[in-house]
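Engineer: Just need the structure, nothing else, for what follows:
(one chain, ligands or ions: 1)
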Amino acid sequence: MSERVVYLNGSVVPEGEAKVSVFDRGFTSGDAVYEVTRSFAHKLFRLDSHVDRLRRSLAYTRIDCGLSADQLQRLSEDVFERNLHLLGEYDDYLVWNIISRGERPPSPNRHATVVTYCVPVPSANFARTYFDGVTVITPATRRIPTQSLESRAKIANKMNHMMAKFEAQQAGPDAVPLMLDIDGNITETDLANFFFVAGGKLCTPLARNVLGGITREVVIELADRLGIEVAEGIYTPYDVYMADEAFTTGTSETISPVRSFNGSPIGAKLPGPVTLNLIKAWNDLVGVDIVARAIMNLGDNERADLMVEWDKRCATLEA
Ligand code: PMP
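Structural biologist: Here you go, the predicted model:
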């Protein structure tokens, strides 16, 4: 089979044949939750943590998908394994689980809609980000307060984050929004958690105002292991302007250094030394160099130069 397959409500079908009803509440009302798990070197990473977060998102939204945590875990593994033969040597998959409340009348179906599919990690799109960094902007749109909709649940409706992204993009097509809460404290970007380094400490907004990112969780674990103090707290843009370095964390890119914040450059090097140390610790954890792997997906003309550049930047840490 040269086409990827998708799990849809109990059946495994070719991607092109997987169809969801126009009456689906995920489509009509954004009434769905989702999860995305990445592989590194063709092995799913922290699937148990992702399934656990999915179960919590389902419980919070009162969506009953009829599947246990074990069944959800096996489902992701099965879809991943069925599609593995289509992956290139340096590619990896993002395994998406999307679960909606199901169909609304006039449809007679009353069960949840359960979908699991794989998409290749778009690493060629972000390979340069490890070198060039992310441009971060605070948009006018505030993050929906957790008192209105729990930020820790991974809900499919991303309109709040998208409005923030459109505003950030006024500063450039690749600019990323760092959303503030209603009190003006920093929270997270549209797709990632946010960290900055100040006085040798690794600072990040409190878990109660952001999605509990699995990458965030692992970065905190790695920082502990490296003896870097982590300070989860309430921070404002002022703290970020004063930062020595900053980075975002998310499943796909893992750790992306930040270049500037509202036009002010952050740090002297990209990635900064703490960020680079954490990327290296991540590489040790997953057994592959995530940056080198992303570079391998670029065209021949870019690949060699960037690999030399990556070796140089790694050497600065060892020097
Ligand atoms: N915050 C938001 C709003 C996100 O959409 C994501 C990505 N799902 C994250 C943070 C990062 O979470 P994770 O590390 O689990 O991908």
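Engineer: and whichever strand or helix holds R313, what other elements does it pack with?
Structural biologist: In the assignment (DSSP states H and E), R313 maps to helix 300-318. Applying 3 or more Cβ pairs under 8 Å, 6 or more residues apart in numbering; DSSP states H and E, we find helix 300-318 packed against helix 129-132, helix 273-286, helix 290-295. Placement of C-beta: from N, CA and C, glycine included.
Engineer: CA atoms only: put the longest one into CSV for me.
Structural biologist: The one in question is helix 273-286. Output of helix 273-286 as CSV, limited to C-alpha atoms (Å, rounded to 0.1, in the frame of the first residue of the first chain):
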residue,chain,number,x,y,z
PRO,A,273,23.8,28.2,26.0
VAL,A,274,21.0,26.9,28.3
THR,A,275,18.7,26.2,25.3
LEU,A,276,21.5,24.4,23.5
ASN,A,277,22.2,22.3,26.6
LEU,A,278,18.6,21.3,26.8
ILE,A,279,18.5,20.4,23.1
LYS,A,280,21.5,18.2,23.7
ALA,A,281,19.9,16.6,26.7
TRP,A,282,16.8,16.0,24.6
ASN,A,283,19.0,14.3,21.9
ASP,A,284,20.5,12.0,24.5
LEU,A,285,17.1,11.1,25.8
VAL,A,286,15.6,10.2,22.4
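Engineer: could you check the angle helix 300-318 makes with it?
Structural biologist: Put simply, helix 273-286 runs at 110 degrees to helix 300-318, going by axes from the mean of the first three to the mean of the last three Cα atoms, to 10 degrees.
Engineer: what's the model's confidence in helix 273-286, averaged?
Structural biologist: For helix 273-286, the mean pLDDT works out to 97.
Engineer: Return the list of helices and strands in contact with that helix.
Structural biologist: helix 214-226, strand 245-250, strand 254-261, helix 290-295, helix 300-318.
Engineer: what residues does the stretch 151-300 of the chain put near the ligand?
Structural biologist: When proximity is defined as Cβ under 6 Å from any ligand atom, the stretch 151-300 of the chain approaches the ligand at 161, 188, 191-193, 211, 213-216, 249-251.
Engineer: May I see those arranged in CSV, with pLDDT and neighbour count as well?
Structural biologist: Output for those, formatted as CSV (pLDDT from 0 to 100; neighbours: other Cβ atoms under 10 Å):
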residue, pLDDT, neighbour count
H161, 97, 19
E188, 98, 26
L191, 97, 18
A192, 98, 25
N193, 98, 24
L211, 93, 22
G213, 97, 24
I214, 98, 24
T215, 98, 21
R216, 98, 23
T249, 98, 25
G250, 98, 22
T251, 98, 20
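Engineer: Which of these sits closest to R259?
Structural biologist: A192 (14.5 Å; Cβ to Cβ).
Engineer: my guess is the closest one meets T249, correct?
Structural biologist: Yes: at 5.7 Å, A192 and T249 qualify as touching, with contact defined as Cβ atoms under 8 Å.
Engineer: list residues touching both of these two?
Structural biologist: Residues touching both A192 and T249 (Cβ atoms under 8 Å, 6 or more residues apart in numbering): G213, T215, S256.
Engineer: and the helices and strands packed on helix 300-318, which is most packed in?
Structural biologist: Mean neighbours per residue, mean count of other Cβ atoms under 10 Å, is largest over those for helix 290-295, with a mean of 23.
Engineer: quick one: contacts of it?
Structural biologist: By Cβ under 8 Å, 6+ apart, helix 290-295 touches 40-41, 90, 92, 123-124, 126-127, 130, 254-255, 279, 282-283, 302-303, 306-307, 310.
Engineer: swap in stretch 10-29?
Structural biologist: Residues contacting stretch 10-29 (Cβ under 8 Å, 6+ apart): 1, 3-6, 8, 31-32, 78-79, 82, 98, 100-107, 109, 113-115, 117, 156.
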